[in-house]
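K.L.:
Below: sequence and its predicted model.
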Amino acid sequence: MKSPICERLGVEFPLVGFNHCRDVIVEISKAGSFGVLGAAGLTPEQLDFELSWIDERVGGKPYGVDIIVPTSMAKQSAAPQSMSQLLPEEHRHFAETIMGKFGIDTTDLYERQAGKSDAFLDETKANDILDVIFSHPVSLVANALGAPPKRMIDMGKERGVAVAALVGAKEHAVKQMAAGVDILVVAGGEAGGHCGDVSTMVLVPEVVEATKPFGEIPILAAGGIVKGRQLAACMAMGAHGAWTGSMWLTTKESFTSQVIKDKLVEASSRDTVRSKARTGKYSRQLRSPWTDSWESSAAPAALAMPLQGLVAEPALARIVKLAEGGHPGARDLATFFVGQGVGLMNDIQSTRQVVYDFMEDFLAATERLSGVMAE
């Protein structure tokens with residue numbers, strides 16, 4: 001296909017797939033699209049191992065890495081091991097109360113898992129991670145929250161690696177362009193994980209117009225995109241490709257818990273909620289009694305990032321583990337980041353088959369449009 005994304009990333013088809021599972025990334029790239037490994041939570045040593053594994057199996061196909069360096073976070077003067085001491089007892093108690101109502105033992109929940117949340121990088125950790133990333137033959141590095149640090153942009157330009165940034169508002173897109181990013185990932189409110197409140201249908205053309213003074217910047221549309229016909233629609237609005245995440249969660253290769261996979265396949269597009277209760281910033285996730293409780297009037301206000309994650313993640317990790325063992329209350333509570341496109345994720349397939357079906361659906365959509373024009 002002829003697209004600035006294909007040209008910049010060296011791929012046959014402008015479909016970018018984000019996932020935390022290295023197997024999924026390899027399969028996406030080998031199928032002619034572009035896999036991006038989510039590196040949040042990995043140490044430099046772990047990331048180096050993961051990227052080496054990909055390098056050995058991807059057959060020279062291009063791939064990228066996504067990290068999280070937020071521009072605003074709660075003050076972190078304490079060491080990670082003591083961060084949990086900053087958590088208000090009210091928030092811990094609320095989480096434990098929810099779990100108790102569903103028959104889940106919360107003994108030592110926070111004592112045993114204190115300091116486990118390190119997905120969000122401070123400056124020192126970010127520099128170490130960047131050194132690892134740029135020591136591998138990656139074609140793209142993306143920052144998921146806020147403007148990429150200057151060092152990331154500089155290293156990308158020095159090494160010919162595209163630097164991407166996710167945006168959820170047109171003013172953010174303009175700031176990213178001024179900062180020097182190479183690719184914009186324009187994520188609508190339908191997206192899973194961190195997202196804004198403007199729909200993809202509105203946000204994509206809005207960003208296209210707002211960034212015209214900077215020239216033609218490669219734009220990846222994101223947010224609820226699961227089918228090729230949605231990519232066709234976004235390209236008609238000015239995007240050059242799609243950034244997708246949720247649709248890979250139910251692939252055979254994904255290490256997503258089977259309990260979560262089953263709940264995602266069963267869910268409709270209305271079974272998600274956008275909430276601050278998991279990370280401290282708005283993110284979209286599968287609705288469950290856990291999310292409903294945190295959105296109720298009885299819930300304490302969400303803490304700033306990353307403190308809210310230190311409340312939620314230990315609890316949700318225990319919930320999923322118990323759900324996998326057959327605990328009915330835990331299965332009810334289990335949730336995961338996912339977009340509104342979940343209503344179109346109706347079966348479990350291989351990653352390659354998902355890519356091929358997406359391509360076929362895109363071609364069918366463009367043929368329909370050609371037919372309309374011919375008439």
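P.N.:
Arrived safely.
K.L.:
Tell me which stretches of the stretch 201-350 of the chain form strands.
P.N.:
For the stretch 201-350 of the chain, applying DSSP state E, counting those that start in this stretch gives strands covering 219-222, 241-244, 272-275, 283-286.
K.L.:
name the helices or strands packed onto the last one?
P.N.:
Okay, so that is strand 283-286. If you count contacts as 3 or more CB pairs under 8 Å, 6 or more residues apart in numbering; DSSP states H and E, strand 283-286 packs onto strand 193-194, helix 258-266, strand 272-275. C-beta here means a position set from N, CA and C on the backbone, and glycine is covered the same way.
K.L.:
residues of it that come out buried?
P.N.:
Residues of strand 283-286 classed as buried under the neighbour-count rule (16 or more other CB atoms under 10 Å) are S283, R284, Q285, L286.
K.L.:
Next up, phi/psi of V11, please.
P.N.:
phi -120, psi 160 (degrees, to the nearest 10).
K.L.:
So A302 is in contact with T291, correct?
P.N.:
No - taking CB atoms under 8 Å as the definition, A302 is not a contact partner of T291, at 11.9 Å.
K.L.:
Show me whatever sits in contact with both of these two.
P.N.:
Counting by CB atoms under 8 Å, 6 or more residues apart in numbering, the shared contacts of A302 and T291 are S275, A277.
K.L.:
W290 and V320 touch, don't they?
P.N.:
No - using CB under 8 Å, W290 makes no contact with V320, being 10.8 Å away.
K.L.:
coming back round to it: for the helices and strands packed on strand 283-286, which one sits closest to V186?
P.N.:
Smallest distance to V186 across these (CB to CB): 13.6 Å, for strand 193-194.
K.L.:
Any chance you could list what contacts that closest one?
P.N.:
By CB under 8 Å, 6+ apart, strand 193-194 touches 144-145, 166, 168, 245, 279, 281-285, 337, 339.
K.L.:
quick one: the strands in the stretch 51-200 of the chain?
P.N.:
Using DSSP E, counting those that start in this stretch, strands in the stretch 51-200 of the chain cover 63-67, 140-143, 162-167, 183-187, 193-194.
K.L.:
and among those, the most buried is which?
P.N.:
Highest mean neighbour count of the strands of the stretch 51-200 of the chain: strand 183-187, a mean of 29 (counted as mean count of other CB atoms under 10 Å).
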